[in-house]
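**Q** Output the structure for:
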Amino acid sequence: MSGHSKFANIKHKKEKNDAKKGKIFTVIGREIVIAVKEGGPDPNNNSKLRDVIAKAKANNMPNDTIERGIKKAAGADSADNYEKVTYEGYGPNGVAIIVDALTDNKNRTAGNVRSAFTKGNGSIGTQGCVSFMFDKKGQILIDKEECEMDADDLMMLALDAGAEDFSEEEDSYEILTDPDEFGNVREALEKENVPLTQAEVAMIPQTYVQLTDEKAVKDLQKTLDLLDEDDDVTDVWHNWEE
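**A** Model (predicted):
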């Protein structure tokens, strides 16, 4: 992973997201519905809901919008019925792609995802065809410029809270956790007012693929853009080193 700036990718992703706040809020709203239906409306007793609320705040979703979403999901007449689905496939030159979606219509979502792969000269594969190339980890990124805590103190705080790994890059710190420890580590950092640029359970590539062919880059970008524009799609993970 040397030379691979995860933070640069995150900033690029965030800039795109900033232009699409509407979609981000829609996705988080659906995640709130699923979290509430699985574990109830009280974040103190629902770690998944706590994680979604943290994600909502990181994306500047207003508190009243979050509370309204929780109340609506907890209501007896809530008809929202979203399901999490995952698709796996290949982009140009065998780039591995994992697509997570929340949908109330699996046929619609599957058709849209398949179309995005096809238009970028890629292909959908079977479940598990590329996920073995990724590790599922809690991933927390912190902008060095915004963090006042000393690197050693930050590392000890994270490790004491249950983190598996701490690394320092040119412009950021990265903390990796077991998915089950993610909430504990995030909450420990928040209690010390550490500003988090990103905090989520992510699919992290074990190795990265570089694309040198201009057409392959354009094709892959087309697939990623189409997936990004789809309201059902929540996350896209890939091992292309941009």
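**Q** Every contact and neighbour count from this point should use C-alpha atoms.
**A** OK.
**Q** all helices for the chain, in order.
**A** Secondary structure of the chain (DSSP state H): helices at 6-18, 21-39, 47-58, 63-74, 106-119, 151-161, 182-191, 214-229.
**Q** on contacts alone, who are the packing partners of the second one?
**A** In this structure, helix 21-39 makes packing contacts with helix 47-58, helix 63-74, strand 96-103, judged by 3 or more C-alpha pairs under 8 Å, 6 or more residues apart in numbering; DSSP states H and E.
**Q** one more time with 10 Å
**A** Judged by 3 or more C-alpha pairs under 10 Å, 6 or more residues apart in numbering; DSSP states H and E, the packing partners of helix 21-39 are helix 6-18, helix 47-58, helix 63-74, strand 83-90, strand 96-103, strand 233-238.
**Q** The shortest one now?
**A** Contacting helix 182-191 under the criterion 3+ C-alpha pairs under 10 Å, 6+ apart are the following elements: helix 47-58, strand 134-143, helix 151-161, strand 172-177, strand 198-205.
**Q** So which of the ones you listed is the most surrounded?
**A** Mean neighbour count (mean count of other C-alpha atoms under 10 Å) peaks for strand 172-177 among those, with a mean of 22.
**Q** Parallel or antiparallel, which strands does that strand pair with?
**A** strand 134-143 (antiparallel), strand 165-168 (antiparallel) (DSSP bridges).
**Q** any chance of those strands in a markdown table, with mean pLDDT and distance to L227 too?
**A** As requested, the strands paired with strand 172-177 are arranged in a markdown table below (pLDDT from 0 to 100; distance: least, C-alpha to C-alpha, whole Å):
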| stretch | mean pLDDT | distance to L227 |
| --- | --- | --- |
| strand 134-143 | 93 | 19 |
| strand 165-168 | 94 | 30 |
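**Q** Run through the residues that contact the nearest residue to I98 once chain neighbours are set aside.
**A** Once flanking residues are discounted, I98 sits nearest to E88: 4.6 Å by C-alpha to C-alpha, 6 or more residues apart in numbering. By C-alpha atoms under 10 Å, 6 or more residues apart in numbering, the contact set of E88 is 96-100, 113, 123-131, 236-238.
**Q** From C129, how far off is the nearest residue to E145 once chain neighbours are set aside?
**A** Among residues not flanking E145 along the chain, D171 sits closest, at 7.6 Å (C-alpha to C-alpha, 6+ apart). Distance of D171 to C129, computed by C-alpha to C-alpha, to the nearest Å: 34 Å.
**Q** Now tell me which helix or strand of the chain has the poorest mean pLDDT.
**A** helix 6-18 (a mean of 54; mean pLDDT, DSSP states H and E).
**Q** What number of residues are in the vicinity of E145?
**A** Using other C-alpha atoms under 10 Å, E145 has 8 neighbouring residues.
**Q** which sections of this protein are below the confidence cut-off?
**A** Within the chain, the segments meeting pLDDT under 70 span 1-21, 76-79.
**Q** care to break it down by domain?
**A** Here the domain assignment for the chain is 6-74, 83-132+207-238, 134-205, based on automatic domain parsing.
**Q** Name the stretch among the helices and strands packed on helix 21-39 that sits most buried.
**A** Buried most deeply of the helices and strands packed on helix 21-39, by mean count of other C-alpha under 10 Å, is strand 96-103, with a mean of 22.
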